[in-house]
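> 3D model of this:
(2 chains)
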Amino acid sequence: MSTPLLDELLSEARPIWEAMTAHPFLHELATGRLPRERFDFWVQQDYRFVQDGLRFLALLIARAPDDELRYGLLDAAVAFRNELSIFEDYAHQQRLELQVEPTPVCLGYASFLLATAATGSLGEALAALWGAEKAYYDAWSTVRQVVGLAGPYARWIENWTSPQFAAWVEWLGTQLVRCSSTGEYPAIRRVFLATARYEYLFWDMVYTGMTWPI
Amino acid sequence: MSRFTDELWSSITDIFAAILAHPFLRGLTDGSLPEDAFRYYVVQDALYLRDYARCLALAAAKSPRDPWCELFADHAKIALVVERSLHESFFREWELSPEEIAATPYAPTNLAYTSYLLRIAYDRPFEELLGAVLPCYWIYWEVGKHLEKAGSPNPLYQRWIATYASAEYAAVVQAVINVTEDAVTDLRGERRAAVRAHFVTTSRYEWMFWDAAWRMESWPV
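Predicted structure coming up:
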């Protein structure tokens, strides 16, 4: 799907997007060279992030002005819950602790989403959600291009590159266009750029092990 | 029995010591702080205050007692008055217009800190919100007292120091400490622990905020 707003957002964020999909974390994950502890660190941090993501989604459901958006997001909330169980199954197999302290990037990104849902317009909140999901679709698609659905990460790759996930991302884009007005576009652009930056930073944080300086 | 707010302060003595020892603050008093780092700091602080005002307005809305609602509504307004006074005292000298300030992007630490405050303000109970907003009040008061003793050879920095060492500011902070003490009186251990956890987190963000200004932090992409 192509609309001026979505195209504009993606084109403005292109350098960030390219840095994100080219991040060594994703490349090493696809080529099997990523150290296991780096992947486990991502599992722990992303689990904390999706936990807050579910609350973010719940705030959006509460704010949805009509059934179309409300029920679409409600289905997504169920999908988020299933996503959490991929992490839980893995952690159980690997005896990995999931209730770890979020790093500054993880906490910052999750807080940014929740603060946007709390005080931003609905359009801004949908721009953040669409941006986050589109980023995941694109990031995991680059992994899939290299390795397909093989290897130890197949279940994760499948989760964020499936036709259902692609359809959800596209639906979110149409909702963003439908639920925002042109007066909100400058704020939507700011939110979208910050979301893209956080997506890049999240991969970088788990790759470098960046944590609290104090 | 010790006061809860004394326990709060004890839980951040290391962080507070690190703040006082930070080169940004040392540079304020010995005058070695580069003025562009100070300018970066004041601009980010202006952006911060606009969100801080919104958090305090949410604290007012959530106040279980009318005098507290009045207090936070007042402080929300004061935060914006202080923000405007930065324009008159500093930004005019630097020839920065209000539009230029508003168009400045939030630095990563500032966005993380203000987002954290807003999310707690929006969806956590009143006392947790107090835990999150209190370090900004309290640390600035303590920092102001320390810096005032030392003073600064740079008149610009001296003017800034004087704001937070004033008696009026002391009364504002003391009032919020007292509200926090009263608000937790009947609360069980785990609810007090949640207040303390926010207090520690935003104290960390306070250190990081000075550090971000010192490094003139920007987004890597």
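> Remind me which helix or strand the residue nearest in space to the middle of chain A belongs to.
Nearest to the mean C-alpha position of chain A, by C-alpha atoms, centre = their mean, lies A:Ala132 at 3.5 Å. Taking DSSP states H and E as the criterion, the element that holds A:Ala132 is helix A:122-147.
> and after that helix, which helix or strand comes next?
Going down the chain from helix A:122-147, the next helix or strand is helix A:154-161, by DSSP H and E.
> What are the buried residues along that following helix?
Taking 16 or more other C-beta atoms under 10 Å in any protein chain shown as the neighbour-count basis, helix A:154-161 is seen to contain the buried residues A:Trp156, A:Ile157, A:Asn159, A:Trp160, A:Thr161. (C-beta placed from N, C-alpha, C; glycine too.)
> With stretch B:50-62 instead?
B:Asp51, B:Tyr52, B:Ala53, B:Arg54, B:Cys55, B:Leu56, B:Ala57, B:Leu58, B:Ala59, B:Ala60, B:Lys62.
> The fourth one contacts B:Ala121, doesn't it?
This means B:Arg54. Yes - shown here, B:Arg54 and B:Ala121 form a contact pair, counting by C-beta atoms under 8 Å, at 7.4 Å.
> May I see the buried residues of helix A:154-161 organised as TSV, with pLDDT and distance to B:Ala132 added?
Conversion of those to TSV gives the following (pLDDT from 0 to 100; distance: C-beta to C-beta, whole Å):
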residue	pLDDT	distance to B:Ala132
A:Trp156	95	34
A:Ile157	97	38
A:Asn159	96	34
A:Trp160	97	33
A:Thr161	98	38
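> now those as JSON lines including distance to A:Leu149?
As requested, these are exported to JSON lines (distance: C-beta to C-beta, whole Å):
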{"residue": "A:Trp156", "distance to A:Leu149": "10"}
{"residue": "A:Ile157", "distance to A:Leu149": "6"}
{"residue": "A:Asn159", "distance to A:Leu149": "11"}
{"residue": "A:Trp160", "distance to A:Leu149": "12"}
{"residue": "A:Thr161", "distance to A:Leu149": "8"}
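> Closest one of the residues you listed to A:Glu124?
In terms of C-beta to C-beta, no member of these lies closer to A:Glu124 than A:Trp160, at 23.5 Å.
> Leaving out the residues flanking it, which one is nearest to the closest one?
Excluding its sequence neighbours, the residue lying closest to A:Trp160 (C-beta to C-beta, 6 or more residues apart in numbering or on different chains) is A:Trp140, at 3.9 Å.
> who touches that neighbour in this structure?
Residues in contact with A:Trp140, defined by C-beta atoms under 8 Å, 6 or more residues apart in numbering or on different chains, are A:Trp156, A:Ile157, A:Asn159, A:Trp160, A:Thr161.
> Out of those residues, which comes closest to chain B?
The shortest distance between chain B and any of the contacts of A:Trp140, using C-beta to the nearest C-beta, involves A:Trp160 and amounts to 20.9 Å.
> Any regions of the chain where pLDDT drops low?
In the absence of a named chain, chain A is used. A:1-2 (pLDDT under 70).
> Please refer instead to chain B.
Within chain B, the stretches falling below the threshold (pLDDT under 70) are B:1.
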